[in-house]
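A.B. asks: Here is a sequence together with a model predicted from it:
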Amino acid sequence: MSGYVSGILAQLAINIVIAYSVFLPAAAGLLNLGAAGFVLIGGYVAGALTLKAGVPLFVAIPLAGLAAGLVAFLVSFPILRTRGVYMVLATFAFAEIVGGVLINIPALGGAAGLSVTAYAGLPVVFSVTVLVVAFVSWLLATRFGLAMRAVHDDENVALLFGVNLRLTQVFAFTIGGALGGIGGALLVHQFNFIDVQTTGVMFSIFVLLYVLMGGTQTAWGPVAGALFFTLAPEGLRRAADLAPALKFLESSRYIVFGVAVVLVMMWRPEGLVTRTLVDRIRRA
Amino acid sequence: MQTLQQIVNGLMLGAILSFVAVAFTLTIGMLNFLNFTIPALFMVAGMTLWALASSGGHMFGFGMHWLPAALLGITVAVAGSLVVERFTYRFMKAKYGDATEHALPLVSSLGFVIVFEHLVITLWGTEPQRVTLPFAETDLRVAGLVVGVPQLVSLALAFVLVALLSALLSRTRLGRALRAIAENPDAATLMGIEVNRIVPVVFLITGALSAIAGILYAASYRTVSPFVGDAVAADAIAGMVLGGLGNVWGAIVGGLFVGMVKVLAISWFGAEIEKIPVWGLLLAILVFRPTGLFGHSKIGKGKF
């Protein structure tokens, strides 16, 4: 496998893991525009552990998830006080504050970023991703998954049927945060580098967009979204390389992505992969 | 003296932020829609001004006089804003009855941000560009304080335009229709208000406001880049929340305040720290007083 292909596959796998960090809150009716915050926490925690403490990778990755999950649990209480648009803004503000704090810690490299030596190759990244996908699929099949779906569809009806609204949302947010941390841990060890710029303002926006584009009804939605987001730009770049007439695709590939987002929201507002679609495929 | 000068600088930055904050607050107050394309339009106007007014061999580098270039920049941004209206708010309203039931317009507007940003990058690249306007270098000296003329103009313009806007909203027929739509779009339709003809006016006004802000920013700071909207978006949103969602005068005060906090924090603690005070303030207000300092409580309570 060439370095180019394995690089893209690793990026794809990491994007899938990070997608689930936004997917879980979204599946419980919470819009999280703060993916960058949890990815940064996980990335810096895991990077510091392997670099400064010599912790092996297979310990550092779960610990990063734990750290990000803990932070997510703590901030979920103030953030869940907010509703609607206010929550979008609160999660966004949270991510910006995490970036602002991390850039001011000289021990973690400050604005210059953190370079680590431990390397997570494709096998590591892939096995973690498979575990995460399996975990989320299992989670959605449990009573908790049902509760998330009920809260997403109608909070009041869910409450009437005895679903613990607060508990469901706190856990969806917390587990999402933990997955974001794991994604960050993979990210820092795949690229051997992380800085606050890695996950700028546009990062959280992109993640939220490809998750909603993929669909939040089934566990396959984020996979579809991440596939489209990672592979479509590469495909367009390849097309531009092969045919000189398509040269304009090279620089305008993100325009195609933006237009696709607008079109999907117009014609498939629940995302590309919906529950009915999965059912139909199962029956066929 | 140093601090006083920084406060003046902060007010000048704040004036530009208020424009964007007013645009944000107007769409959210009238339509319950957090329109993320506003800072992108801000950037589009500034970049169009630069591209048309300079002649460096880039696309559309006509070396025009700055005034028609600025007006064209505003026109392009307003046209963009109307396109956004067509494919986000109006479409969702026609198809699903209620445009704010889902987060759809918000998500589509983020899609449009990517489209606008990369359209500009495709045309003119990612480099920051220098904008040279004839009056940009003129400074006034008042009692030892240096005040840039373009900044002074933005401050004055911010107050004049918002006074006009608030008169429009409270005194005219159009304003009454807008307030009726803000209250309840369905009831407004039943009362004979043509929602599909009035709503584009909101996008026209917000597009123009953010474009004017973009032009003023380019004039004051003499530089534009395709990413200039990102930083402004963050600060303007903070200003909007501070003033209370849907409150036009609140957005002005909030914008000025955020501008001042930002400039003072940079001068006291250095550039690295500037994110923490603005965003910390925003988060605190969102959590403890979500209606802002002078806001209504009904806005932003949609599903998402």
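C.D. replies: Happy to help now that I have it.
A.B. asks: got the contact list for the closest residue to residue A:197 other than its chain neighbours?
C.D. replies: Residue nearest to residue A:197 in three dimensions, not counting chain neighbours: residue A:113, with 7.6 Å by CB to CB, 6 or more residues apart in numbering or on different chains. In short, each C-beta sits where N, CA and C put it, glycine included. With contact taken as CB atoms under 8 Å, 6 or more residues apart in numbering or on different chains, residue A:113 is in contact with A:193-198.
A.B. asks: same question, residue A:203
C.D. replies: Going by CB under 8 Å, 6+ apart, residue A:203 touches A:35-36, A:39.
A.B. asks: Show the pLDDT at it.
C.D. replies: On pLDDT, residue A:203 comes in at 87.
A.B. asks: Helix or strand: which one has it?
C.D. replies: helix A:201-214 (DSSP states H and E).
A.B. asks: what distance separates that helix from the centre of its chain?
C.D. replies: Mean-position distance between helix A:201-214 and its chain equals 8 Å (CA atoms, centre = their mean, to the nearest Å).
A.B. asks: Give the buried residues for it.
C.D. replies: By neighbour count on 16 or more other CB atoms under 10 Å in any protein chain shown, the buried set for helix A:201-214 is A:201-214.
A.B. asks: Pick the one among these closest to residue B:14.
C.D. replies: residue A:201 (20.4 Å; CB to CB).
A.B. asks: list the contacts for the residue of the stretch 51-200 of chain A found nearest chain B?
C.D. replies: Closest approach between the stretch 51-200 of chain A and chain B, counting by CB to the nearest CB: residue A:100, at 3.3 Å. The neighbourhood of residue A:100, defined by CB under 8 Å, 6+ apart, consists of B:273-276, B:279.
A.B. asks: neighbour-wise, which of the contacts of residue A:113 leads?
C.D. replies: residue A:194 (27 neighbours; other CB atoms under 10 Å in any protein chain shown).
A.B. asks: got a list of what residue B:212 touches?
C.D. replies: Counting by CB under 8 Å, 6+ apart, residue B:212 has contacts B:19, B:45, B:74, B:157, B:161.
A.B. asks: Any buried residues in the helix or strand containing it, and which?
C.D. replies: Counting by DSSP H and E, the element that carries residue B:212 is helix B:195-221. For helix B:195-221, a neighbour-count test (16+ other CB under 10 Å) marks B:195, B:198-203, B:205-221 as buried.
A.B. asks: Also stretch B:141-152?
C.D. replies: For stretch B:141-152, by 16+ other CB under 10 Å, it's B:147-148, B:150-152.
A.B. asks: Sort out which one of those residues lies nearest residue A:138 for me.
C.D. replies: Looking across the buried residues of stretch B:141-152 and measuring by CB to CB, the closest to residue A:138 is residue B:151, at 57.9 Å.
A.B. asks: helix or strand for that closest one, which one?
C.D. replies: Going by DSSP H and E, residue B:151 is part of helix B:149-171.
A.B. asks: pLDDT of that helix, averaged?
C.D. replies: Mean per-residue pLDDT for helix B:149-171: 85.
A.B. asks: Name the surrounding residues that touch that helix.
C.D. replies: Taking CB under 8 Å, 6+ apart as the rule, helix B:149-171 contacts B:11-12, B:15-16, B:18-19, B:22, B:26, B:133, B:135-136, B:138-140, B:174-175, B:178-179, B:205, B:209, B:212-213, B:216, B:219-220, B:248-249, B:252, B:255.
A.B. asks: run the last query once more with 7 Å
C.D. replies: B:11-12, B:15-16, B:18-19, B:22, B:135-136, B:138-140, B:174-175, B:178-179, B:209, B:216, B:219-220, B:248-249, B:252 (CB atoms under 7 Å, 6 or more residues apart in numbering or on different chains).
A.B. asks: Restricted to strands, list the residues you listed.
C.D. replies: Among the contacts of helix B:149-171, DSSP state E puts B:139-140 in strands.
A.B. asks: What's the PyMOL syntax to select whichever of the contacts of helix B:149-171 are buried?
C.D. replies: One line in PyMOL is enough to select the buried ones among the contacts of helix B:149-171; burial here means 16+ other CB under 10 Å:
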select buried, chain B and resi 11+12+15+16+18+19+22+136+175+178+209+216+219+220+248+249+252
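A.B. asks: ok so, going back, quick check: the farthest pair among the contacts of residue A:113?
C.D. replies: A:193 and A:196 (11.9 Å).
A.B. asks: ok so, going back, between the helix holding residue B:212 and helix B:149-171, how big is the angle?
C.D. replies: 160 degrees (axes from the mean of the first three to the mean of the last three CA atoms, to 10 degrees).
A.B. asks: distance between helix B:195-221 and the chain's centre?
C.D. replies: So, by CA atoms, centre = their mean, the centroid of helix B:195-221 is 7 Å from its chain's centroid.
A.B. asks: any idea how far the helix or strand following it is from the chain center?
C.D. replies: Tracing the chain past helix B:195-221, the next element assigned as helix or strand by DSSP H and E is strand B:223-224. Offset of strand B:223-224 from its chain centre (CA atoms, centre = their mean): 16 Å.
A.B. asks: Which SSE is immediately downstream of strand B:223-224?
C.D. replies: Toward the C-terminus, strand B:223-224 is succeeded by helix B:228-243 as the next helix or strand (DSSP H and E).
A.B. asks: just checking, what packs against that next one?
C.D. replies: Judged by 3 or more CB pairs under 7 Å, 6 or more residues apart in numbering or on different chains; DSSP states H and E, helix B:228-243 is in contact with helix A:84-102, helix B:2-31, helix B:37-53, helix B:248-269, helix B:275-288.
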